[in-house]
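Asker: no sequence on this one, just coordinates:
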Ligand code: UD1
Ligand code: MG
């Protein structure tokens, strides 16, 4: 089936992000708070990209640098429209007047603080406009607690009006079908309808929701699209941020399991928006994935590990209690054991770093064994330096490898060495104080001290 959005209708998406974030009590703009490792704004923009919006304009308040910078990481040519004063959702949409006036077939109006809407839902809203008399498709949901939301005033299934909670009658407040706030508008009529919205309400705000009654009064049809309450959850405070996170985690875990990974205790695993788990990968309880992790088929991530920015090959064992930091690449059959930290390092096939090590800015060849307590001393207080260990080498326990340093293929480093110079292939390097033994010393010592 050809996805709907390729059927030739152009689309302008307007992302409202000029809201206040007062209830977050945060120095950061609300829409830059993260869910599953990326901002709410990024979630919304990438869903719009998946819906093939041709143009995306973000409506922001005058201090928008951070918001725009974030938007451009997802949509390089995203536009910005500034809403100088916060006079309501319709006023915010009209900040993008110039873009609207360019004449798109569809306008999608979305909120940057409503981050869980799926691309399929955006597509369904647009679909309600295509080839029909509808000039608006408003997105609604059945609210468990409708207080605070605009209500859908339905007449025989058709949407007559949306009434804001503050302006609703007691009878209207009983209605449970609520407005999610998002709308698709027919681009041919959008400007004239938006311009007709006034601010004669309790808040003296220009309500986007009034567009429904205005369209109806002009004889147009209006459609209601319905989503689940979870999908249209709006985030205004930290509790709602946490609620959105948990909904998203359920989705991400279901997707990972659907693709063939085993999560032994799904609810204890935290995934990132882009975590990729191979077939028959197993994730034990209490593992956290930051962004940018790719786990190969058949690999196992043991409990209490924390991974970010790591590419993991097939049949790898990681953890328990391992930390993989950005720039880690593990080839197939690598073993990373407990209390091992790896950063910006490549580890060759079958290599083992099983206990209590720090490996940073290093490359380790295939089949090499790195003993317990090995430290790659990569930092001299000013700059980072590389450690290069060849294939099938053996690094004895409790060695410090002072970078920059190279250890050749098949070389052997004696335990407890502090290696400051390169080691040739197949050589043995010892860099530790020689052992001294004094026969009988201990007995004599005890004799002297015994009372
Ligand atoms: C809005 C809807 C309400 C719906 C609810 C769903 C209107 C008038 N009401 O109400 O029917 O049930 O969402 O959560 O649309 N924004 C701006 N500039 C403004 C005002 C708002 O950019 O001047 C942005 C906000 O950042 C936010 C979005 O628009 O992302 C919605 O604004 P908000 O104030 O949260 O509207 P609600 O009162 O929740
Ligand atoms: Mg709101």
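Answerer: Noted; the coordinates are in hand. Keep in mind the model is a prediction, meaning the values are calculated, not measured. Residues are numbered from 1 along each chain as shown. Ligands and ions are numbered 1, 2, ... in the order given.
Asker: shouldn't residue 268 be in contact with residue 286?
Answerer: Yes. With contact taken as C-beta atoms under 8 Å, residue 268 and residue 286 are classed as touching, separated by 4.9 Å. All C-beta atoms are positioned from the backbone trio N, CA, C, and that covers glycine.
Asker: between the two, tell me which one has more neighbours.
Answerer: residue 286 (17 against 14; other C-beta atoms under 10 Å).
Asker: give me the pLDDT for the more buried one.
Answerer: pLDDT recorded at residue 286 is 98.
Asker: so it makes contact with residue 264?
Answerer: No. Applying C-beta under 8 Å as the test, residue 286 and residue 264 come out as separate, 9.9 Å apart.
Asker: from residue 31, how far out is residue 385?
Answerer: 40 Å (C-beta to C-beta, to the nearest Å).
Asker: okay, these two: which has more neighbours?
Answerer: Neighbour count, other C-beta under 10 Å: between residue 385 and residue 31, residue 31 has more, with 30 against 16.
Asker: before we move on, what SS does the more buried one have?
Answerer: helix (DSSP: H, G, I helix; E, B strand; the rest coil).
Asker: residues in the stretch 51-200 of the chain within reach of ligand 1, list them.
Answerer: 59, 83, 86-89, 91-92, 111-113, 149-150, 162, 164, 178-181 (C-beta under 6 Å from any ligand atom).
Asker: mind running it again at 8 Å?
Answerer: Residues of the stretch 51-200 of the chain lying close to ligand 1 by C-beta under 8 Å from any ligand atom are 59-61, 83, 85-92, 111-114, 148-151, 162, 164-165, 178-181.
Asker: ok, residue 139 - contacts?
Answerer: 117, 121, 125, 179-183, 224-227, 232 (C-beta atoms under 8 Å, 6 or more residues apart in numbering).
Asker: what sits against the closest residue to ligand 1 within the stretch 201-350 of the chain?
Answerer: Nearest residue of the stretch 201-350 of the chain to ligand 1, counting by C-beta to the nearest ligand atom: residue 207, 3.6 Å away. Residues near residue 207 by C-beta under 8 Å, 6+ apart: 88, 89, 90, 150, 164, 197, 199, 201.
Asker: show me the one in those that has more neighbours than the rest.
Answerer: Result: residue 150 is most packed of the contacts of residue 207 (other C-beta under 10 Å), 28 neighbours.
Asker: just give the closest residue to residue 398, not the sequence neighbours.
Answerer: Among residues not flanking residue 398 along the chain, residue 373 sits closest, at 4.1 Å (C-beta to C-beta, 6 or more residues apart in numbering).
Asker: quick one, phi psi at the one you found?
Answerer: phi 80, psi 10 (degrees, to the nearest 10).
Asker: please compute how far the host helix or strand of residue 100 lies from its chain's middle.
Answerer: Element membership for residue 100, per DSSP states H and E: helix 97-101. Averaging C-alpha positions (C-alpha atoms, centre = their mean, to the nearest Å) puts helix 97-101 31 Å from its chain's average.
Asker: what residues sit buried inside that helix?
Answerer: If you call a residue buried by 16 or more other C-beta atoms under 10 Å, then helix 97-101 has these buried ones: 99, 100.
Asker: can you check stretch 41-58 too?
Answerer: With the criterion 16+ other C-beta under 10 Å, stretch 41-58 contains buried residues 41-48, 51-53, 55-58.
Asker: same check on stretch 74-93?
Answerer: 74-75, 78-81, 83, 87-93.
Asker: got the residues you listed as a markdown table, with secondary structure and pLDDT columns?
Answerer: Below are these laid out as a markdown table (DSSP: H, G, I helix; E, B strand; the rest coil; pLDDT from 0 to 100):
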| residue | secondary structure | pLDDT |
| --- | --- | --- |
| 74 | helix | 97 |
| 75 | coil | 97 |
| 78 | coil | 97 |
| 79 | strand | 97 |
| 80 | strand | 96 |
| 81 | strand | 97 |
| 83 | coil | 97 |
| 87 | coil | 96 |
| 88 | coil | 95 |
| 89 | helix | 97 |
| 90 | helix | 98 |
| 91 | helix | 98 |
| 92 | helix | 98 |
| 93 | helix | 98 |
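Asker: about what we covered before: now, the buried residues of stretch 41-58 that are in helices?
Answerer: Members of the buried residues of stretch 41-58 lying in helices (criterion: DSSP state H): 41, 42, 43, 44, 45, 46, 47, 48.
Asker: picking that back up, from the residues of the stretch 51-200 of the chain next to ligand 1, which ones fall inside helices?
Answerer: Those of these lying in helices (DSSP H): 89, 90, 91, 92.
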